[in-house]
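**Q** Predicted model, plus sequence, below.
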2 protein chains.
Amino acid sequence: MTMNNRLLPTYDDVVAASKRLERVIHHTPILRSRTLNDRLGAEVFFKCENLQRTGAFKLRGAYNALSLFTPEQKRHGVLAYSTGNHSQAVALAAQILDMPALILMPEDAQAAKLAATRAYGAQVLTYNRFTEDREAISHRLAQERGMTVIPPFNHRDVIAGQGTAAMELLEQVPNLDYLFVCLGGGGLLAGSLLVAKQQTPDCKVYGAEPEAGNDAQQSLRAGRIITIPAPRTLADGAQTQALGELPFALIREHVQGILTATDEQLVEAMRFYAERMKIVVEPTGALSLAVAMHGGLDLSGSRVGILITGGNIDMARYARLLGE
Amino acid sequence: MTMNNRLLPTYDDVVAASKRLERVIHHTPILRSRTLNDRLGAEVFFKCENLQRTGAFKLRGAYNALSLFTPEQKRHGVLAYSTGNHSQAVALAAQILDMPALILMPEDAQAAKLAATRAYGAQVLTYNRFTEDREAISHRLAQERGMTVIPPFNHRDVIAGQGTAAMELLEQVPNLDYLFVCLGGGGLLAGSLLVAKQQTPDCKVYGAEPEAGNDAQQSLRAGRIITIPAPRTLADGAQTQALGELPFALIREHVQGILTATDEQLVEAMRFYAERMKIVVEPTGALSLAVAMHGGLDLSGSRVGILITGGNIDMARYARLLGE
């Protein structure tokens, strides 16, 4: 990581990212639900990043970061380690930018995820997550091969890229009173805050994390990053044990608050999405709706944005959750 | 029904309908899938009417028909009989236009469908579909109450309204080489043909119906409407036993052909939608993709439109189909 990446991103970085992403990403649609509007007494706008390429918003940050590589970095390629949507995003971004990508994934990762990552042209290396340290392996590999590691959230260019989702939302729907953002490592929330504070300073932005993994809530209260044991939650994309330093600095300064959702509330939100809105949302992606419905805020009379982050879920698992 | 409604709709009727619908319907998004593009060697564009209000395209035709009621008709209201998406569409259209609606539904209809129809403000009457004749009941009720019956497809204004879905698609994506349309009673296909023949005459438009209920295919071959026994198919919205006279006249004149899909192919297409595209599509709505994938046409190098008609499916049933 260069010194530069330790700096906090700014609103201008998000604007620059949105230009880089213009022809690469899908400009995902806004959906609405009269049922939910009636229930909350509000006007709710869903930004559907589950309909993004690779099925999640992560392509925004990954592509933005990779497109800023020097020719030397590009020649050696990128390395990422993640069990989740960041891996596929890095793989696709590397393919688009025509650079090598090495993705480190646990050997017991879902076969579908391994296959999807390989299908984007990346080399996938597996490790035993019970006996091996993925950070140590990845940094050794990166050194050996001269590759640049792109982390999933604690990176200036990644955060700036993720912010473009909220920027698009605010172009599509100006004057939001509330914005709810799913929260794992904090990259998307941090980027969203940069945009909201600039474009619509009165909008109250809330992060949404699992009740069982409320490290961000704890960190906000403590005024420093709190690390928790790996939480047991359906929201596998929010099983992060701690916020990144860069996201935390932005979240701490700008966020209105952090709300939490239980697994039952996530399943209820996922069912609502499938039954009433006809979209597939993964448990982590359902956090924002779950806290809007159950977070105890009175949203009546307001304009509410809900950022849906992704829709990647194993079909057998999805069927079980819907059918319960 | 007035004499007027026995006339065939024209392209101009669709244009007029699209103006009436402008502020009522959602302009549903176009989605794409690189996976499918690679598989077919084509550029495929999905028009997502499963994301339409009420979860299906049917609101287009229902609203267009009801908005053309005379003040006298409007005062007495509308009557519809359908187990499917047309009922909810008529109920919502009547609510928007502030007129009474009476919907006749079988007493063993899904509780969720009865509730949804009532939630749109319609009065729901149930009948025993094994011992009672719904057409006789509905025409008696219509006479008693002075209500106007709006059938689900065999009606000039309904067909014109349904045509607006294809019109929107062709505005969003010009120059399609192929268009695949789900087919039950034929209203949507007939409306789509009116639009395609006018706007893009070289586009080959195919209807897609269940293999077990291929009455349209048979009718096209015979040159007259063939009535079949109620087919056993997952595609409950295409269990129609015969095309309507008006749709048939247009389909016969303009359609490129009718292709069929098996239940297994419908489930495969539904899973593709959920897993790769993150949208919920009902079995009937998956017909168009199923025939594009398995209909034996070489689509390579072409631009293909796929009209997805709806996403209304009981969650327990959906979970079973995805989990199989």
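**A** Nice, I can see it.

**Q** pLDDT weak spots in the stretch 101-250 of chain A?
**A** Applying pLDDT under 70 to the stretch 101-250 of chain A picks out no residues at all.

**Q** And the helices in it, which stretches?
**A** When assigned using DSSP state H, counting those that start in this stretch, the helices of the stretch 101-250 of chain A occupy the ranges A:111-119, A:134-145, A:156-172, A:187-199, A:215-222, A:245-254.

**Q** Could you export the ones you listed as TSV, including distance to residue B:144?
**A** For every residue, glycine as well, the C-beta is placed using N, CA and C. Output for the helices of the stretch 101-250 of chain A, formatted as TSV (distance: least, CB to CB, whole Å):
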stretch	distance to residue B:144
helix A:111-119	57
helix A:134-145	73
helix A:156-172	48
helix A:187-199	57
helix A:215-222	61
helix A:245-254	64
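
**Q** Any chance of JSON lines for those, columns mean neighbour count and distance to chain B?
**A** Output for the helices of the stretch 101-250 of chain A, formatted as JSON lines (neighbours: other CB atoms under 10 Å in any protein chain shown; distance: least, CB to the nearest CB, whole Å):
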{"stretch": "helix A:111-119", "mean neighbour count": "16", "distance to chain B": "8"}
{"stretch": "helix A:134-145", "mean neighbour count": "14", "distance to chain B": "27"}
{"stretch": "helix A:156-172", "mean neighbour count": "26", "distance to chain B": "11"}
{"stretch": "helix A:187-199", "mean neighbour count": "27", "distance to chain B": "17"}
{"stretch": "helix A:215-222", "mean neighbour count": "19", "distance to chain B": "26"}
{"stretch": "helix A:245-254", "mean neighbour count": "20", "distance to chain B": "25"}
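
**Q** got the residues of the stretch 1-150 of chain A near chain B?
**A** Applying CB under 8 Å from any CB of the partner chain, one finds that the stretch 1-150 of chain A approaches chain B through A:26, A:29, A:31-32, A:34-35, A:50-51, A:53, A:55.

**Q** what's the closest of those to residue B:205?
**A** Comparing the residues of the stretch 1-150 of chain A next to chain B against residue B:205 with CB to CB places residue A:29 closest, at 25.2 Å.

**Q** Not counting sequence-adjacent ones, nearest residue to the closest one?
**A** Computed as CB to CB, 6 or more residues apart in numbering or on different chains, the closest residue to residue A:29 that is not its neighbour in sequence is residue B:29, at 3.8 Å.

**Q** Also residue A:320?
**A** Spatial nearest neighbour of residue A:320, excluding adjacent residues (CB to CB, 6+ apart): residue B:323 at 6.8 Å.

**Q** Who are the contact partners of that neighbour?
**A** Residue B:323 makes contacts with A:315-316, A:319-320, A:323, as judged by CB atoms under 8 Å, 6 or more residues apart in numbering or on different chains.

**Q** Any idea which residue of the stretch 1-150 of chain A lies closest to chain B?
**A** Proximity to chain B, evaluated over the stretch 1-150 of chain A using CB to the nearest CB, is greatest for residue A:29 at 3.8 Å.

**Q** is it true that residue A:297 touches residue A:178?
**A** Yes: taking contacts as CB atoms under 8 Å, residue A:297 lies within contact range of residue A:178: 7.4 Å.

**Q** List the residues that are in contact with both of those two.
**A** With CB under 8 Å, 6+ apart, residue A:297 and residue A:178 have common neighbours residue A:206.

**Q** Could you check the pLDDT of residue A:5?
**A** Turning to residue A:5, the model gives it a pLDDT of 51.

**Q** most centrally placed residue in chain A?
**A** In chain A, the C-alpha nearest the mean C-alpha coordinate belongs to residue A:188, at 5.1 Å (CA atoms, centre = their mean).

**Q** Disregarding residues adjacent in the polypeptide, which is nearest to that one?
**A** In this structure, residue A:188 finds its nearest non-sequential neighbour in residue A:162, 4.4 Å apart by CB to CB, 6+ apart.

**Q** so who does that neighbour touch?
**A** With contact taken as CB under 8 Å, 6+ apart, residue A:162 is in contact with A:57-58, A:60-61, A:153, A:187-188, A:190-192.

**Q** if you set the cut-off to 10 Å instead, what comes out?
**A** A:9, A:14, A:17, A:49, A:57-62, A:64, A:152-153, A:181, A:186-192, A:194-195, A:247, A:307, A:309 (CB atoms under 10 Å, 6 or more residues apart in numbering or on different chains).

**Q** Over to residue A:43?
**A** Residues near residue A:43 by CB under 10 Å, 6+ apart: A:32, A:34, A:36-37, A:173, A:176-177, A:299, A:301-305.

**Q** Where is pLDDT lowest across the residues you listed?
**A** Within these, pLDDT reaches its minimum at residue A:34, with 93.

**Q** Nearest residue to that one in space, please, no chain neighbours.
**A** In space, and not counting its chain neighbours, residue A:34 is closest to residue B:53: 7.2 Å by CB to CB, 6+ apart.

**Q** Need the pLDDT of the one you found.
**A** Listed pLDDT for residue B:53 reads 96.

**Q** Okay, domains of chain A per the record?
**A** Domain ranges of chain A: A:5-56+A:156-323, A:59-149, per automatic domain parsing.

**Q** Can you give the distance of the longest one from its chain's centre?
**A** Distance of domain A:5-56+A:156-323 from the chain centroid (CA atoms, centre = their mean, to the nearest Å) equals 7 Å.

**Q** repeat for the shortest one
**A** With CA atoms, centre = their mean as the basis, domain A:59-149 stands 17 Å off its chain's centre.

**Q** Span of that domain from start to end?
**A** End-to-end span of domain A:59-149 (CA to CA, to the nearest Å): 16 Å.

**Q** Could you check how far residue A:193 is from residue A:160?
**A** Using CB to CB, to the nearest Å, residue A:193 is found at 12 Å from residue A:160.

**Q** Nearest to chain B: which residue in the stretch 151-300 of chain A?
**A** For the stretch 151-300 of chain A, CB to the nearest CB, closest residue to chain B: residue A:278, 3.4 Å.
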